[in-house]
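Participant: prediction below, plus the sequence it came from.
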Amino acid sequence: SDPMSASKPLSLQLASTLAAITAGATSYFIYRKISNLKSTGSEESIEYVGDKKSISQLFKDEELLKAIRQEAMDYAMCNGLVMRQNTGSSSFIHAPCTLIPAPLPKQAFEGALNASSLFSKLIDKIARHPTYLETILTEVGENDAYTKKLLEILALDRKMGEKKQNVTLGLFRSDYMLQEAEGKDSKFPVSRFLQVENNTIAASFGCLSTRVAEMHRFLVDRFSSQSKPIGSITSLPPNNAAKNLAEAMFQAVKAYKTGEKVDTKDTLGVMMVVQPGEANAADQRILEYTLKLNHGIKLVRCTLNEISTLKAGGSGKPLMVGGLHIALVYFRAGYTPRDLPSEIEWDGYKR
């Protein structure tokens, strides 16, 4: 049946249909890509921690395990692999992580890498079709106050049109769990990753994952020996998430500078929208510092409540915060109703 009511203009129906076809085609492409991985390839593992027997032996050696654990905690505390003990606390503890990297089927790992970019493209295409989003979410909005508010903001955004912005940056995170092989004639003849969710806002732990990979390299190198092997660092996949996320933000600021009329006296910067007393501040700070160290771009942190008090730039005027001309607003808050307890926060969101 037609998802659009007959009273709506034909152009809206066509736009929604085209959006659905585009999303469907991209989804099918992803499905085919992953399906091909299901029946091809081998169960070759990325042997960067030896085999399961080596790992089993490692965890039976209490003295060695104790030494690795202590080194891991010290490394984490000295290198920013930490989280606040509680929201708003000034005390930090090491972030939860594995002591050593786990062996993964190489084909499944590479398949997940390939699929993640496709999922990101799918999300981007859907986000650029507001008519499709309204069609799908209107009924939800009638029964959910949070979704209803988001749809209202989407409607306001559409009224502003391309004058508001014509370049968008998405920093996404795809989450997977490993489905191990169940036999040649089963639904899963080889191991592969299955997607759990896709984070499009507040895609956290990218920077901490870089720190985890660095810690694993240190620990494997520190404790590997012929008598007590725990693996090799030579085949550890690179993890440049912190560097790449900062690079993406830098490119977005450059695009803004190119496409907008910017006063040469202005210093361009980034505003990160955060939760009050953010427990995962270390992950965010690493990104902030990497952006400054690698690209010389400053970043300011604001809560939705604080943003509501800012003076609106007005039509054609830039948003100025702390002496910075804000070229990019990066959301790490606003993805849950808990972030918007009152109209004050919603006002900040609209701005």
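Facilitator: Okay, I see it. Here the structure is a predicted model, which is why all the values come from computation and not from measurement. Numbers count the residues shown, from 1 in each chain.

Participant: so where's the stretch 51-200 of the chain shaky on pLDDT?
Facilitator: Applying pLDDT under 70 to the stretch 51-200 of the chain flags residues 51-58, 161-165.

Participant: try 90
Facilitator: 51-65, 85-90, 98-120, 122-131, 154-168, 173-176, 178-200 (pLDDT under 90).

Participant: quick one, helices of the stretch 101-250 of the chain?
Facilitator: 106-127, 130-141, 145-160, 206-223, 241-259 (DSSP state H, counting those that start in this stretch).

Participant: most neighbours per residue, which of those helices?
Facilitator: helix 206-223 (a mean of 20; mean count of other Cβ atoms under 10 Å). Where you see a C-beta, it was placed from the backbone N, CA and C, and this is true even at glycine.

Participant: which elements pack onto that helix?
Facilitator: With contacts defined as 3 or more Cβ pairs under 8 Å, 6 or more residues apart in numbering; DSSP states H and E, the packing partners of helix 206-223 are helix 62-78, helix 241-259, helix 281-295.

Participant: closest to the centroid, which residue in the chain?
Facilitator: In the chain, the C-alpha nearest the mean C-alpha coordinate belongs to A203, at 2.8 Å (Cα atoms, centre = their mean).

Participant: tell me who's in contact with it.
Facilitator: Going by Cβ atoms under 8 Å, 6 or more residues apart in numbering, A203 touches 171-173.

Participant: coming back round to it: among the helices of the stretch 101-250 of the chain, which is nearest S91?
Facilitator: When these are compared by Cβ to Cβ, helix 206-223 sits nearest S91, at 17.6 Å.

Participant: got the angle between the closest one and helix 62-78?
Facilitator: 140 degrees (axes from the mean of the first three to the mean of the last three Cα atoms, to 10 degrees).

Participant: now do helix 206-223: distance to the chain's middle.
Facilitator: Relative to its chain's centre, helix 206-223 lies at 20 Å (Cα atoms, centre = their mean, to the nearest Å).

Participant: what residues does that helix touch?
Facilitator: 48-49, 64, 67-68, 71-72, 75-76, 79-81, 95, 97-101, 171, 173, 230-233, 236-243, 245, 280, 282-284, 286-287, 290.

Participant: neighbours around G269, how many?
Facilitator: 21 (other Cβ atoms under 10 Å).

Participant: so how far is A181 from it?
Facilitator: Noted for G269: a distance of 49 Å to A181, by Cβ to Cβ, to the nearest Å.

Participant: same check, this time on Y349
Facilitator: In terms of Cβ to Cβ, Y349 sits 45 Å off from A181.

Participant: ok, now N114?
Facilitator: 19 Å.

Participant: now list the buried members of the contacts of helix 206-223.
Facilitator: 48-49, 68, 71-72, 75-76, 80-81, 95, 99-101, 171, 173, 230-231, 236, 239, 241-242, 245, 280, 282-284, 286-287, 290 (16 or more other Cβ atoms under 10 Å).
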